[in-house]
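> Here you go, sequence then predicted model.
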Amino acid sequence: MDSRTKGKTVMEVGSDGVAVITLINPPVNSLSFDVLYNLKSNYEEALSRNDVKAIVITGAKGKFSGGFDISGFGEIQKGTRKEPKVGYISIDILTDLLEAARKPSVAAIDGLALGGGLELSMACHARISTPGAQLGLPELQLGVIPGFGGTQRLPRLVGLTKALEMILTSKPVRAEEGHSLGLIDAVVPSAELLTTARRWALDIVERRKPWISSVLKTDKLPPLGEAREILKFARGQTRKQAPNMKHPLMCLDALETGIVSGPRAGLEKEAEVGSQVISLDTTKGLIHVFFSQRGTVKVPGVTDRGLIPRKIKKVAIIGGGLMGSGIATALILSNYPVILKEVNEKFLEAGIGRVKANLQSRVRKGSMSKEKFEKTMSLLKGSLDYESFRDVDMVIEAVIENISLKQQIFADLEKYCPQHCILASNTSTIDLNKIGERTKSQDRIVGAHFFSPAHVMPLLEIVRTNHTSAQVIVDLLDVGKKIKKTPVVVGNCTGFAVNRMFFPYTQAAMFLVERGADPYLIDSAVSKFGMPMGPFRLCDLVGFGVAIATATQFIENFPERTYKSMIIPLMQEDKRAGEATRKGFYLYDDKRKAKPDPELKKYIEKARSMSGANVDPKLVKLSEKEIIEMTFFPVVNEACRVFAEGIAVKAADLDIAAIFGMGFPPYRGGIMFWADSIGSKYIYSRLDEWSKTYGDFFKPCAFLAERGSKGAPLSAPVEQARSRL
Ligand SMILES: C/C=C/C(=O)SCCNC(=O)CCNC(=O)[C@H](O)C(C)(C)COP(=O)(O)OP(=O)(O)OC[C@H]1O[C@@H](n2cnc3c(N)ncnc32)[C@H](O)[C@@H]1OP(=O)(O)O
């Protein structure tokens, strides 16, 4: 293969007259332009050869195809590749050459057929699959649409309602379900896949099996009036669920055109819309996220040293509170035997009870069987001492944020655990060097910062000190993968990456409110921006106890840029501690529905007089855009510090940390990507102006000042970084 080309296809013609074309582009046989153009020429050759009666398309090494090569979209966006003529792939190649051919084709699907992969198979005249293969159109998740005919063929094969569900949720179905839906014609063991597909193709030639062009099918489509109602409902839902994104509605336009005006018009509309969506900002953001998420496991100097992850056979967790029990749940769900240690019987029972409740909720929802529940729970053992720690491979400490308590625990762990055992702390803010101060095991001390609830939230912040060994990081990355978390490896400091970015966000909100801005308008603007909730609603959810404990760490460590508001401590004094007490910035009813509270004014006014702040008429009347800038530019500023200090090695890691740790909207590409879409010059100038008016909380850091003065991108690599990694 030429080193400049990405993938290829090969064709072999058998004595039975079947040409087998194999897609080859490791690791997932993505459909690069090279693969697609090769496929076209192989296909043309097969059609022209007299010794070929039928064609089978398959993928190399147990995978049909993971879809169009996503980096191709990036090349078109950057202008490094010219986009082919609109409709060239979906109409000229897949419809007019492949589906309309006078020789039939069968797709032999092993492992997966996603996106363009499934669309290619739907243009064939039959599909045979191996058991368990994943079949789906996940394009919307990437900001694009199923643009290789998927908007037209899927509804015709599985019906409009199911097709909408698959396309709008981006969720794949397994081959067995695909078979019952009519998407797959037969499910056969892997060893029989090719022989069955070949025979099926010849059976079509001999008219023993039907010759079906999916795009021409109409039997699964509802009558026009009903179809319009279904699409209207889908549009309403989409507007509600994805108000800041255009591409899902554009995808529905393509679907509707096909149903109303026929498949040819539908394919043309799909091609037109498919080309338009590539240049949407939201699409650029989502594609950036796809590659950045996969990039977090590539840590220079760590994962490029050929280290093999050691097998972690048993894990111990210290502390069965909310975090400890969540972490235990995540681990046993991935088959790790776990010892949960507590200080007394009562706490231990409560901790095990929480794990049980986490699993029982799955049983109630039907996502876990009773047998699986019993089997999973049997992996958990309780303990009140360290005796059972003698053969554990990893310990995760998850007790309250108290430095001396943690120091004592780590000193004990060094005594009881084997030499190779990884000593991890789930601290969310405390410097790991301080935690390990009383041990000699600095090389195996690491942060494993989970987010609550730990068995649900996808991020795992792996915190590395200057002493943590590369092997320990590699081991933890492997555990992260096995428990299905997105890991981000960061350096050691107060708050690490996520909490350091989080902190200015809530602080900015407090600052604005003390100067007269309406907290409920702030929450509403931030939710419209795409965060799951605003900063005040979030403080209520997290609880004021946690908020104050975290704030204390920041006040101690970064006093020059900490805004000290008394709003939360004043409410806490009055036994308003957030959602758990049914009162915080909001009032909560029995169903936990939040309602604004007029009494809040009282606390704000008191806090204002304590801090000596005045109502600022300009800040009272902020537009939504200004609210977003004043709450998120301080986050960008802190992210820049984190990046410049080498706490994060890549700006893209901060994007992933912000998305999975803070709930930053993925379609904005993450905090640094979003900042660059606005421009460093503008962000710098705003922060600079605010810092002159309102003080050092807004002061742009040196990194932002330097890049802002040149208008340079914030996410460009840091040269000669004082990397802590
Ligand atoms: C009009 C048509 C449009 C389209 O078809 S758009 C594309 C639609 N397809 C998808 O959205 C599928 C995206 N890929 C995935 O969901 C997953 O991947 C898989 C389920 C296919 C495999 O998952 P796992 O086994 O966990 O591997 P991994 O780490 O996600 O990926 C392995 C490497 O494969 C690259 N990759 C995967 N899919 C594509 C693709 N479609 N185009 C380009 N690269 C792809 C990744 O980036 C990574 O690469 P590295 O090892 O260098 O990190």
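Looks like it arrived, so ask away. Nothing here was measured: the structure is a model prediction, and the numbers come from that model.
> what residues does the stretch 151-300 of the chain put near the ligand?
Contacts of the stretch 151-300 of the chain with the ligand, taken as C-beta under 6 Å from any ligand atom, map to 291, 294. Every C-beta, even on glycine, is put in place using the N, C-alpha and C of the backbone.
> list the buried ones in the helix or strand containing residue 693?
Secondary structure from DSSP states H and E places residue 693 in helix 680-694. Applying a neighbour-count criterion of 16 or more other C-beta atoms under 10 Å, one finds 680, 683-684, 686-687, 690-691, 694 buried in helix 680-694.
> Check what pLDDT the residue lying closest to residue 560 once chain neighbours are set aside gets.
In this structure, residue 560 finds its nearest non-sequential neighbour in residue 696, 5.8 Å apart by C-beta to C-beta, 6 or more residues apart in numbering. On the pLDDT scale, residue 696 is placed at 94.
> and residue 696, how many neighbours?
For residue 696, the number of neighbouring residues by other C-beta atoms under 10 Å comes to 11.
> same thing with residue 117?
Neighbour count for residue 117, taken as other C-beta under 10 Å: 30.
> Not counting residues beside it along the chain, what's closest to it?
residue 65 is the one closest to residue 117 (C-beta to C-beta, 6+ apart), at 3.0 Å.
> Next, the contact list for that neighbour, please.
23, 28-31, 59, 112-114, 116-117, 120 (C-beta atoms under 8 Å, 6 or more residues apart in numbering).
> now do 7 Å
By C-beta atoms under 7 Å, 6 or more residues apart in numbering, the contact list for residue 65 reads 23, 28-31, 59, 113, 116-117, 120.
> re the thing from before, so the residue nearest to residue 560 makes contact with residue 561?
Yes. Residue 696 sits in contact with residue 561 when judged by C-beta atoms under 7 Å, with a separation of 5.7 Å.
> Mind listing residues that contact the helix or strand bottoming out on mean pLDDT in the chain?
Lowest on mean pLDDT, DSSP states H and E among the helices and strands of the chain sits helix 544-557, with a mean of 87. With C-beta under 7 Å, 6+ apart as the contact definition, helix 544-557 has outside contacts at 401, 429-430, 494-495, 499, 503, 539, 562, 564, 568-569, 571-572, 577-578, 584.
> In it, which residues are buried?
In helix 544-557, counting by 16+ other C-beta under 10 Å, buried: 544, 546-547, 550-551, 553-554.
> one step back: as TSV, the buried residues of helix 680-694 with distance to the ligand would be great.
Formatted as TSV, the buried residues of helix 680-694 follow (distance: C-beta to the nearest ligand atom, whole Å):
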residue	distance to the ligand
680	28
683	30
684	33
686	35
687	35
690	39
691	40
694	43
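> between these, which is nearest residue 700?
Among these, residue 687 lies closest to residue 700 (C-beta to C-beta), at 4.3 Å.
> hmm, back to that, quickly list what the residue nearest to residue 117 is bridged to.
residue 113 (DSSP bridges).
> and the gap between it and residue 242?
As for residue 65, its distance to residue 242 is 27 Å (criterion: C-beta to C-beta, to the nearest Å).
> circling back: now, the most widely separated pair of the buried residues of helix 680-694?
It's 680 and 694 that sit farthest apart of these, by C-beta to C-beta, at 20.6 Å.
> for residue 495, what are its contacts?
Residue 495 makes contact with 429, 503, 553-554, according to C-beta under 7 Å, 6+ apart.
> how would you label it: helix, strand or coil?
Classification of residue 495 by DSSP: H, G, I helix; E, B strand; the rest coil places it in coil.
> What lies in contact with stretch 387-407?
312-319, 321, 323-324, 327, 339, 409, 413, 416-418, 420-427, 429-430, 434-435, 437-438, 448, 549.
> Please apply the same query to stretch 12-26.
6-11, 29, 32, 35, 39, 42-43, 46, 49, 51-60, 65, 194, 198, 201-202.
> switch to 8 Å and redo it
Stretch 12-26 has contacts (C-beta under 8 Å, 6+ apart) with 6-11, 29, 31-32, 34-35, 39, 42-43, 46, 49, 51-61, 64-65, 69, 194, 198, 201-202.
> Around the ligand, pick out the residues from this structure.
Along the chain, the residues adjacent to the ligand under the rule C-beta under 6 Å from any ligand atom are 27-28, 30, 66-71, 112, 114-116, 138-139, 142, 144, 146-148, 291, 294.
> Give me the subset of those lying in strands.
112, 114 (DSSP state E).
> Pull out the buried members of the residues of the chain next to the ligand.
The buried subset of the residues of the chain next to the ligand - by 16+ other C-beta under 10 Å - is 28, 30, 66-70, 112, 114-116, 138-139, 142, 144, 146-148.
> residues in contact with residue 170?
Contacts for residue 170 (C-beta under 8 Å, 6+ apart) come out as 136-141.
> and with 6 Å instead?
Contacts for residue 170 (C-beta atoms under 6 Å, 6 or more residues apart in numbering) come out as 138, 140-141.
> Make JSON lines from those residues and add pLDDT to it.
Formatted as JSON lines, those follow (pLDDT from 0 to 100):
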{"residue": "138", "pLDDT": "98"}
{"residue": "140", "pLDDT": "98"}
{"residue": "141", "pLDDT": "97"}
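> Next up, the contacts around the residue of the stretch 301-450 of the chain found nearest the ligand.
Of all residues in the stretch 301-450 of the chain, residue 303 sits closest to the ligand, at 11.1 Å by C-beta to the nearest ligand atom. The contact partners of residue 303, taken as C-beta under 6 Å, 6+ apart, number zero.
> tell me the SS of it?
Of the three states, residue 303 takes coil under three-state DSSP.
> distance of it from residue 459?
18 Å.
> helix or strand for the closest residue to the ligand within the stretch 601-725 of the chain, which one?
Per C-beta to the nearest ligand atom, residue 652 is where the stretch 601-725 of the chain lies closest to the ligand, at 12.0 Å. Per DSSP H and E: residue 652 is located in helix 651-657.
> Can you tell me which of the contacts of residue 495 is closest to residue 268?
residue 503 (51.1 Å).
> Neighbours of that closest one, how many?
A total of 24 residues lie near residue 503 under the criterion other C-beta under 10 Å.
> residue contacts, it?
Residues near residue 503 by C-beta under 6 Å, 6+ apart: residue 554.
> host element of the residue lying closest to residue 461 once chain neighbours are set aside?
Nearest residue to residue 461 in three dimensions, chain neighbours excluded: residue 449, at 3.8 Å (C-beta to C-beta, 6+ apart). Here residue 449, judged by DSSP H and E, is contained in strand 445-450.
> what sits up against that strand?
Applying C-beta under 6 Å, 6+ apart, the contact partners of strand 445-450 are 327, 396, 423-426, 428, 432, 436, 461, 463, 468, 472.
> Pull out the buried positions in stretch 406-417.
For stretch 406-417, the neighbour count (16+ other C-beta under 10 Å) marks 406-407, 409-410, 412-414, 416-417 as buried.
> Excluding chain neighbours, what is closest to residue 185?
Beyond its immediate neighbours in the sequence, the residue positioned closest to residue 185 (C-beta to C-beta, 6+ apart) is residue 126, lying 4.6 Å away.
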